[in-house]
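# can't give you the sequence, but here's the structure:
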């Protein structure tokens, strides 16, 4: 249960997010849409504590998160899969995954790893390989796996499809959705592929220059003429 | 893996035996050389924690060497503290200095961090130069002359240095296989991602630098007592900083035994090649640095691990295994 109210944030003098409100309820998959520079990635950074907001509140299950560092946000049950994967490229696949469970006790570590290898068997064969030598799709699998290792209650995903073949994207999306259904995992994701996003999400927000300009159930947005014209080219 | 570990055990035992019996046989000159090697191994190993594992090139780490030397000298001279106590305090003072400085300076990265540490070194040296009443200023400082025979004193210094090297290396060994060491490597690989994984990066970086400073300070303290006279131009000399950094790169940054190997190799080069170029040995140091970066960017330890031509390949492989092995996955 994530509740954001009147959020303001930016980089130094430049304000990127203005008076933004957003919620992710239990059992929801919420998409965040918008053009480049709308502030989507910035919003995820604020939620995960990488960036401090300049105003407003971010509450997760009733606890205030704004002002906490990323390590405390992770402990509260939020995991962030950053844009461009950001793997530890000099470390092996398995070490990357283990890093994801850094805040948890080492008990259950091997079963956690096995779970990820079940979801992505490709990684299982390459667990001793350096993460930087994997293909783009495998790297994204590794990033998703690493994000799941902390056993989060809320997963933030930034551009799962970035630079990947449609087939691979479909695999990744299916895998993430399976985890969503099996365990109580809520998801907030940023996606450029609007068609895909609206198929997967229960609800979606549309951002423009740092503000939410539209929100609603995916089906409703899919039929919205403005959305269709702006993002689907229909 | 078990064979490798057994090999490491045997080699370490042999090395230990050699290092403990050698000083009893060696003449004064060679004992001095050996002590010098051990001292630079300590400095490189300390630097390894913050530079090799955490990826912060602390070229100005020599500031803790100078600080340790001066702390020991001041405590022994002005307060009359016994050497072991003064030495321990010197280590702690160096560590504290790193903790206070680390918070602002560890926010910088790469070249900027190098320059910041160099700046700290220069500033600290100037401070020492100007606090005449405490440090003797430009005249330098003498330490109390030990009341024992010269030979037994040098042997005592040697073993003190060796104990520091062994503790420092053991620390690096255990840290490299602990979650803390894992966190340091993650910071080196991708600091922002490390933060998002739940690592308190500020705390980890500062912790690594404090440990690094503590051992560097200890080496400085022993050095001061060993020479019984110190001056700021020598103990804060950037040449020392460059030297242990080259040793670290030469041996292999981010490995447990790289700094030790580097210190021995460097001393061999120093003895037999530099002797021929007394006028421009600094130039040779620069040249060596360039050659290391071009030809052995990962250090000799990793080179010997992967090349067949070296007779003791097995040893280096085994040592490398200890150095680079992560080990956590098996613990699960």
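Cool, the structure landed. Here the structure is a predicted model, which means the values were calculated and not measured.

# count of residues packed around residue 70?
You didn't pick a chain, so chain A it is. Residues near residue A:70, counting by other CB atoms under 10 Å in any protein chain shown, number 24. In this view, the C-beta of every residue, glycine as well, is placed from N, C-alpha and C.

# my bad, chain B
Neighbour count for residue B:70, taken as other CB under 10 Å: 29.

# let me know whether it touches residue B:127 as I believe.
No - taking contacts as CB atoms under 8 Å, residue B:70 lies outside contact range of residue B:127: 10.0 Å.

# mind showing which ranges of the stretch 201-332 of chain B have poor pLDDT?
B:274, B:306-332 (pLDDT under 70).

# if we use 90, what do you get?
Low-confidence segments of the stretch 201-332 of chain B (pLDDT under 90): B:239, B:242, B:267-332.

# just the helices in it please.
Along the stretch 201-332 of chain B, the segments classed as helices by DSSP state H, counting those that start in this stretch run B:201-227, B:232-235, B:238-251, B:258-272, B:281-295, B:300-306, B:313-324, B:328-331.

# burial-wise, tell me which of the ones you listed comes out on top.
Among the helices of the stretch 201-332 of chain B, the stretch with the highest mean neighbour count (mean count of other CB atoms under 10 Å in any protein chain shown) is helix B:201-227, at a mean of 25.

# ok and it relative to helix B:238-251, angle-wise?
Between helix B:201-227 and helix B:238-251, the angle comes out at 110 degrees (axes from the mean of the first three to the mean of the last three CA atoms, to 10 degrees).

# please compute how far helix B:201-227 lies from its chain's middle.
Remark: helix B:201-227 is offset 8 Å from the chain centroid, using CA atoms, centre = their mean, to the nearest Å.

# do the same with stretch B:127-145
Relative to its chain's centre, stretch B:127-145 lies at 25 Å (CA atoms, centre = their mean).

# any chance you could list what contacts it?
Applying CB atoms under 8 Å, 6 or more residues apart in numbering or on different chains, the contact partners of stretch B:127-145 are B:66, B:70, B:72-74, B:76-78, B:224-225, B:228-232, B:236.

# most surrounded residue in those?
Busiest of the contacts of stretch B:127-145 [other CB under 10 Å] is residue B:72, holding 31 neighbours.

# roughly how far apart are the residue nearest in space to the middle of chain A and residue A:207?
The residue lying closest to the centre of chain A (CA atoms, centre = their mean) is residue A:157, at 1.5 Å. To residue A:207, residue A:157 is 16 Å away according to CB to CB, to the nearest Å.

# excluding chain neighbours, what is closest to residue B:219?
Residue nearest to residue B:219 in three dimensions, not counting chain neighbours: residue B:42, with 4.4 Å by CB to CB, 6 or more residues apart in numbering or on different chains.

# for chain A, just list every one of the strands.
According to DSSP state E, chain A carries its strands in the segments A:2-11, A:14-24, A:29-34, A:55-60, A:63-64, A:78-81, A:154-158, A:186-190, A:203-208, A:211-217.

# so which of those comes closest to residue B:15?
Proximity to residue B:15 (CB to CB) singles out strand A:78-81 among the strands of chain A, at 45.2 Å.

# how much space separates the nearest residue to residue B:262 once chain neighbours are set aside from residue A:72?
Nearest non-adjacent residue to residue B:262, counting by CB to CB, 6+ apart: residue B:251, 2.4 Å away. As for residue B:251, its distance to residue A:72 is 38 Å (criterion: CB to CB).

# repeat for residue B:174
Note on residue B:174: its distance to residue A:72, by CB to CB, is 27 Å.

# more neighbours: which of these two?
Remark: of residue B:174 and residue A:72, residue A:72 carries more neighbours, 16 against 12, as counted by other CB under 10 Å.

# what distance do you get for that one to residue B:260?
Taken as CB to CB, the span from residue A:72 to residue B:260 is 39 Å.

# again, but for residue A:143
For residue A:143, the distance to residue B:260 equals 37 Å [CB to CB].

# quick one, helices of chain A?
Using DSSP state H, the helices of chain A run over residues A:40-48, A:70-75, A:93-100, A:109-119, A:121-125, A:136-148, A:166-182, A:194-200, A:218-223, A:225-227.

# show me the domain layout of chain A.
Listed domain ranges for chain A are A:2-77+A:152-232, A:86-151 (source: automatic domain parsing).

# any chance of those domains in a markdown table with distance to chain B and mean pLDDT as columns?
Formatted as a markdown table, the domains of chain A follow (distance: least, CB to the nearest CB, whole Å; pLDDT from 0 to 100):
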| stretch | distance to chain B | mean pLDDT |
| --- | --- | --- |
| domain A:2-77+A:152-232 | 4 | 92 |
| domain A:86-151 | 3 | 91 |
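
# so which of those domains comes closest to residue B:113?
So among those, domain A:86-151 is nearest, using CB to CB, at 18.7 Å.

# end to end on that closest one, go ahead and measure it.
Using CA to CA, to the nearest Å, the end-to-end distance of domain A:86-151 comes to 19 Å.

# report how many residues lie close to residue B:10.
Number of residues near residue B:10 (other CB under 10 Å) recorded here: 12.

# nearest to residue B:122, out of the strands of chain A?
In terms of CB to CB, the element of the strands of chain A nearest to residue B:122 is strand A:2-11, at 32.8 Å.

# buried stuff in the closest one?
Neighbour counts using 16 or more other CB atoms under 10 Å in any protein chain shown place A:2, A:4, A:7, A:8, A:9, A:10 of strand A:2-11 among the buried residues.

# what do you get for stretch A:28-45?
By 16+ other CB under 10 Å, the buried positions in stretch A:28-45 come out as A:28-34, A:38-45.

# tell me what residue B:141 is bridged to.
Assessed by DSSP bridges, residue B:141 has beta-bridge partners residue B:230.

# how near is it to chain A?
Distance, residue B:141 to chain A, by CB to the nearest CB, to the nearest Å: 43 Å.

# and what of residue B:114?
As judged by CB to the nearest CB, residue B:114 and chain A stand 20 Å apart.

# list the contacts of the residue positioned nearest the centre of chain B.
Centroid-nearest residue in chain B, with CA atoms, centre = their mean: residue B:43, separated by 1.6 Å. Going by CB under 8 Å, 6+ apart, residue B:43 touches B:61, B:62, B:65, B:216, B:219, B:240, B:244, B:247.

# buried ones in stretch B:21-41, by neighbour count?
Judged by neighbour count using 16+ other CB under 10 Å, the buried positions of stretch B:21-41 are B:23, B:26, B:31, B:34, B:35, B:36, B:37, B:38, B:39, B:40, B:41.

# in the stretch 1-150 of chain B, which residue sits closest to chain A?
residue B:55 (9.5 Å; CB to the nearest CB).

# show the pLDDT at the nearest residue to that residue once chain neighbours are set aside.
Setting aside the residues directly before and after it, residue B:55 is nearest to residue B:188 in space (CB to CB, 6+ apart), at 3.1 Å. As predicted, residue B:188 sits at a pLDDT of 94.

# residue 60: neighbour count?
Since no chain was named, I'll use chain A. Residues lying near residue A:60 (other CB under 10 Å) number 20.

# oops, I was thinking of chain B
When counting by other CB under 10 Å, one arrives at 24 neighbours for residue B:60.

# ok, the residue lying closest to residue B:181 once chain neighbours are set aside to residue A:206 distance?
Leaving out its chain neighbours, the residue that sits closest to residue B:181 by CB to CB, 6+ apart is residue B:175, at 4.3 Å. Using CB to CB, we find residue B:175 at a distance of 48 Å from residue A:206.

# so the two - more neighbours on which side?
Neighbours were counted for residue B:175 and for residue A:206 using other CB under 10 Å; residue A:206 has more, 23 against 20.

# OK, contacts around that one?
A:33, A:34, A:212, A:213, A:214, A:215, A:221, A:227, A:231.

# show me the beta-bridge partners of the first one.
Looking back up the chat, that one is residue A:33. On the basis of DSSP bridges, residue A:33 is bridged to residue A:206.

# please name the residues that touch it.
A:40, A:191, A:194, A:197, A:204, A:205, A:206, A:207, A:231.
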